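Participant: Build me a structure from this.
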Amino acid sequence: MATVREIASLAGVSPSTVSRVINGNVPVKESARNKVLLAIQRLDEQDGRAEPRLRGEVGIVMPVSSAMNLAEHPSLYSTVLSFIETVSAHELGNTTILLDEHSQPQDLRPQSVCGYLVLGTSEEQEGRLLEMLTSFGKPFIFINRLMDNKLASCINIDDEQATEQAVNYLLSLGHRRIAFIGGNQNYPNTKLRYSGYVKALRAAGIEPDAALALYGEYNERSGEELGAQLLESGKLPTAACVASDPIAIGMMRYLSVHGVRLPEELSVIGFGDIEASSYVNPPLTTISQNSREMGHAAAETLLHMMGSPAICSQKVLLRTELVIRGSCAAPRTE
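Facilitator: Prediction:
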């Protein structure tokens, strides 16, 4: 394995900078970080060590409930497919490892697995997994999550900032009574998206109304149920910031069937930019998170760690984009 001084010399940085990048516990300028990672890769290639490590298969760890309902989450499904395509291009196989309350460390470490992708977990499950995966000594990465633990690699978007952007767009149209329609409250992404919603409202001088925050699951069926709750509340908000496109699509379908005119009576903005979002009526304004790019970036990051054991963790944040379509308009007049 290349020494810290060898890496520092090739990268043109100090040994302390190399140590900070490898340990991942102190912020490092992006330019310096990239120099260090490139130097590590080149030294591995020169020594002929990287290629032999890329053998075996990658373990895809997910709860049983997430695996059973993966097809109901188009963004996550697309991410996983892109991940598998990328690792397969490097001649690595993949195996699904299901997680439940009875899972033990030995259940998660097949001998052939040389790295792990983790998805669809709750905060409680992530705590258990972190302890187990760290003890294995093999690289792992959480997808669609931001992890505080310095030993945990992760790839995600900035959920809070993206939701702020969505709410600010609704505010710019003149909306003031805006609902938050979320998925599972136990998921960190749900909490971050609600936090972004609250921050945007408070920055505009609006105190969030707890009665306008509704939660369900990340699927269309739950969206229909949440649409029913909105109608039963007695007074519709003028807009809804929804934590996922499937929820938004299910909610819009229910409300339309029950006589609510969209966007005249209710503007809706989603999250994910799944393919169906451009085909619903009206076409859904949403936050694009480029699911395929997330899967590809997760695979490349994990492969890089598998080929460079000196790197113990990586954290990747992808950009999002507001895609404006026809589901949002100025608020109705009272």
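Participant: so where is the chain shaky, pLDDT-wise?
Facilitator: Low-confidence segments of the chain, defined by pLDDT under 70, span residues 1-2, 23-27, 45-54, 334.
Participant: Which residue lies nearest the spatial centre of it?
Facilitator: Among the residues of the chain, the one closest to the centroid is residue 144, at 2.2 Å (CA atoms, centre = their mean).
Participant: Contacts only, for the closest residue to it other than its chain neighbours.
Facilitator: The shortest distance from residue 144 to any non-neighbouring residue, by CB to CB, 6 or more residues apart in numbering, is to residue 156 (5.7 Å). Heads up, the C-betas are built off the backbone N, CA and C, glycines and all. If a contact means CB atoms under 8 Å, 6 or more residues apart in numbering, then residue 156 has 143, 144, 145, 146, 189, 294, 316, 317, 318 as its contacts.
Participant: Out of those, who's the most crowded?
Facilitator: Ranked by the number of neighbours (other CB atoms under 10 Å), the contacts of residue 156 place residue 143 first, at 27 neighbours.
Participant: name the element the residue nearest to residue 144 belongs to?
Facilitator: strand 153-157 (DSSP states H and E).
Participant: Ok, residue 181 next?
Facilitator: Under the criterion of DSSP H and E, residue 181 resides in strand 178-182.
Participant: Mind giving me the packing neighbours of that strand?
Facilitator: helix 159-172, helix 188-203, strand 213-215, helix 220-232, strand 239-242, helix 245-257 (3 or more CB pairs under 8 Å, 6 or more residues apart in numbering; DSSP states H and E).
Participant: try it again with 7 Å
Facilitator: helix 188-203, strand 213-215, strand 239-242 (3 or more CB pairs under 7 Å, 6 or more residues apart in numbering; DSSP states H and E).
Participant: And the second one, what's buried?
Facilitator: Of the residues in strand 213-215, those scored as buried under the neighbour-count criterion (16 or more other CB atoms under 10 Å) are 214, 215.
Participant: by contact count, what packs against that strand?
Facilitator: Packed next to strand 213-215, using 3+ CB pairs under 7 Å, 6+ apart, are strand 178-182.
Participant: Each with direction, which strands does the strand it packs on pair with?
Facilitator: When pairing is defined by DSSP bridges, strand 178-182 lines up against strand 213-215 (parallel), strand 239-242 (parallel).
Participant: Only alpha carbons, please: show it as PDB.
Facilitator: C-alpha atoms of strand 178-182 as PDB (Å, rounded to 0.1, in the frame of the first residue of the first chain):
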ATOM      1  CA  ILE A 178     -48.900  25.600   1.800                       C
ATOM      2  CA  ALA A 179     -49.300  22.000   3.000                       C
ATOM      3  CA  PHE A 180     -46.400  19.600   3.400                       C
ATOM      4  CA  ILE A 181     -47.300  16.000   2.300                       C
ATOM      5  CA  GLY A 182     -44.600  13.600   3.500                       C
END
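Participant: Could you point out which of the helices and strands packed on strand 178-182 sits nearest residue 308?
Facilitator: helix 188-203 (27.8 Å; CB to CB).
Participant: Strand 178-182 and that closest one, what's the angle between them?
Facilitator: If you take axes from the mean of the first three to the mean of the last three CA atoms, to 10 degrees, helix 188-203 sits at 170 degrees to strand 178-182.
Participant: same for helix 188-203, what does it pack against?
Facilitator: helix 159-172, strand 178-182.
Participant: Can you say which of the ones you listed is packed in most?
Facilitator: Stretch with highest mean neighbour count among these: strand 178-182 (a mean of 27; mean count of other CB atoms under 10 Å).
Participant: Out of the helices and strands packed on strand 178-182, indicate the one that is most buried.
Facilitator: Among the helices and strands packed on strand 178-182, highest average neighbours (mean count of other CB under 10 Å) belong to strand 239-242, with a mean of 30.
Participant: Not counting it itself, show me its contacts.
Facilitator: Residues from elsewhere that reach strand 239-242 (CB atoms under 7 Å, 6 or more residues apart in numbering): 163, 166-167, 170, 175, 178-181, 197, 248, 251, 266-271, 331.
Participant: mind checking which helix or strand residue 322 is in?
Facilitator: Using DSSP H and E, residue 322 falls in strand 321-323.
Participant: all helices of this protein, in order?
Facilitator: Assigned by DSSP state H, the chain shows helices spanning 4-11, 15-23, 30-47, 50-53, 64-68, 74-89, 123-136, 159-172, 188-203, 220-232, 245-257, 291-307.
Participant: In CSV, list the ones you listed along with distance to residue 278.
Facilitator: CSV is the format used below for the helices of the chain (distance: least, CB to CB, whole Å):
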stretch, distance to residue 278
helix 4-11, 44
helix 15-23, 40
helix 30-47, 33
helix 50-53, 41
helix 64-68, 26
helix 74-89, 12
helix 123-136, 33
helix 159-172, 17
helix 188-203, 21
helix 220-232, 16
helix 245-257, 10
helix 291-307, 15
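Participant: Quick one: closest of those helices to residue 151.
Facilitator: Checked against CB to CB, the stretch from those lying closest is helix 123-136, at 5.4 Å.
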